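Trainee: Got a sequence here, can you build the structure:
(2 chains)
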Amino acid sequence: MIEAQQFEVFMRNYQDMVFSTSMRLVANQAEAEDIVQEVFLKAYERFEELQHSPTVGGWLKRVATNMSLNHLTRYRSRWSFFSEMFGGRDAEEEEREADFAAPNDLEKQVDDADRYQILEDALQKLPTAQRVPLVLFHIEGLSYEEIAAQLRVSLGKVKTDIFRAREALRKRLGTKFSEEWNAV
Amino acid sequence: MKPEFNSDPKWERWLDRQLKDMPPLTAPPSVLAQVMAAVARHEQPWYRRSWQQWPLSLQVGTALALSLVFAGICFAGWRVPTFGPVASGLDTARSWWSTGCVWFNALGALAEAGRLVVKNLGSGFVIGCLVALGLAYATCLGLGTVYVRLAMPRR
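Mentor: All right, here's what the predicted structure looks like:
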């Protein structure tokens, strides 16, 4: 019998990481919470071996990533279809783009909030077809080939979507942070 | 492999660093409680969990058992009415049912007669009756209260 308190401590240590991974992939808080619950239930079943494992963080991240991608699977065929049909501009993207803050609002946001929050918001407003490969590449550190295999799409599509995601972010954030990134 | 699409390398490097350095999001406080509740449910013995969470063998076993029960009921519905004692029992039940139907029809006729009476008397009369009933009830309540106060004084 596992001590509930031990598991609670374990969960407190990793819940933010698991939630971040899911949230950045699915971009929906309620769905991310469901995924976190599933991940930790899986962890609970293997808690005896996991609690002393040095690679538990990696295991949780991998499971959270896989579960988030599985969650997105049911939308994937529609997503690929529209993404390819309209050159990456699906209905969801149109909708999301409409939600983006106008440059003046963004200016104000920069004053009010920190850069990571702005980046996080911009990331979550990207269409799924662009956000998922971008997160997998830049945050999860997967290669193009690994992403293509994970998403079961062509390598070319992964590269195109990541490129489009970067360009979308540059369009929205690049001007504001131009001094910073030009100094890199 | 060299990518086919290249962003500005400076932007790409900056973005890569920013994304990698992003602090983790804070999980909502409700998540911990939800997971611990799910864990508590998970710890319950199988018979206290929902059927979907039962062990597979038990799921299959109960599904089979229920199918057998269903088949048995279907078979009984088909064969039993022709069985002697059951057939006479069914006749008795039918006679009870027909008696019940007669009573039901009589009550229905009475209700219809009542409806016609109310219709002919007019809504003003009916409202007056309802008000009189309400007043009578209030009077009874008031008299009862006065009686309780006078006959059973507080000590």
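Trainee: what about residue A:53, distance to residue A:121?
Mentor: Distance, residue A:53 to residue A:121, using C-beta to C-beta, to the nearest Å: 34 Å. Yep, even glycine has a C-beta here, placed from its N, CA and C like the rest.
Trainee: again but with residue B:125, I slipped
Mentor: Counting by C-beta to C-beta - residue B:125 and residue A:121 are separated by 70 Å.
Trainee: And for residue A:114?
Mentor: In this view, residue A:114 and residue A:121 are 11 Å apart by C-beta to C-beta.
Trainee: More neighbours: the two, which one.
Mentor: More crowded of residue A:114 and residue A:121, by other C-beta atoms under 10 Å in any protein chain shown: residue A:121, with 17 against 11.
Trainee: Next one, pLDDT for residue 149 please.
Mentor: The chain I'm using is chain A. On pLDDT, residue A:149 comes in at 91.
Trainee: nope, chain B please
Mentor: In this model, residue B:149 is scored at 83, pLDDT.
Trainee: tally of neighbours for it?
Mentor: Quick note: residue B:149 (other C-beta under 10 Å) scores 10 neighbours.
Trainee: For the host helix or strand of it, what is the distance to the chain centroid?
Mentor: Element membership for residue B:149 (DSSP states H and E) is helix B:123-151. Taking C-alpha atoms, centre = their mean, to the nearest Å, the mean C-alpha location of helix B:123-151 is offset from the chain mean by 37 Å.
Trainee: so is residue A:41 in a helix, a strand, or just coil?
Mentor: Taken by DSSP: H, G, I helix; E, B strand; the rest coil, the conformation at residue A:41 corresponds to helix.
Trainee: Quick check: closest non-adjacent residue to it.
Mentor: Spatial nearest neighbour of residue A:41, chain neighbours left out: residue B:38 (5.7 Å); criterion: C-beta to C-beta, 6 or more residues apart in numbering or on different chains.
Trainee: List the buried residues in the helix or strand that that neighbour is a member of.
Mentor: Taking DSSP H and E as the definition, one finds residue B:38 inside helix B:29-43. Neighbour-count burial for helix B:29-43 flags B:31, B:32, B:34, B:35, B:36, B:39 (criterion: 16 or more other C-beta atoms under 10 Å in any protein chain shown).
Trainee: What are the contacting residues of that helix?
Mentor: Applying C-beta atoms under 8 Å, 6 or more residues apart in numbering or on different chains, the external contacts of helix B:29-43 come out as A:1, A:4, A:7-8, A:11-12, A:15, A:19, A:33, A:36-37, A:40-41, A:44, B:49.
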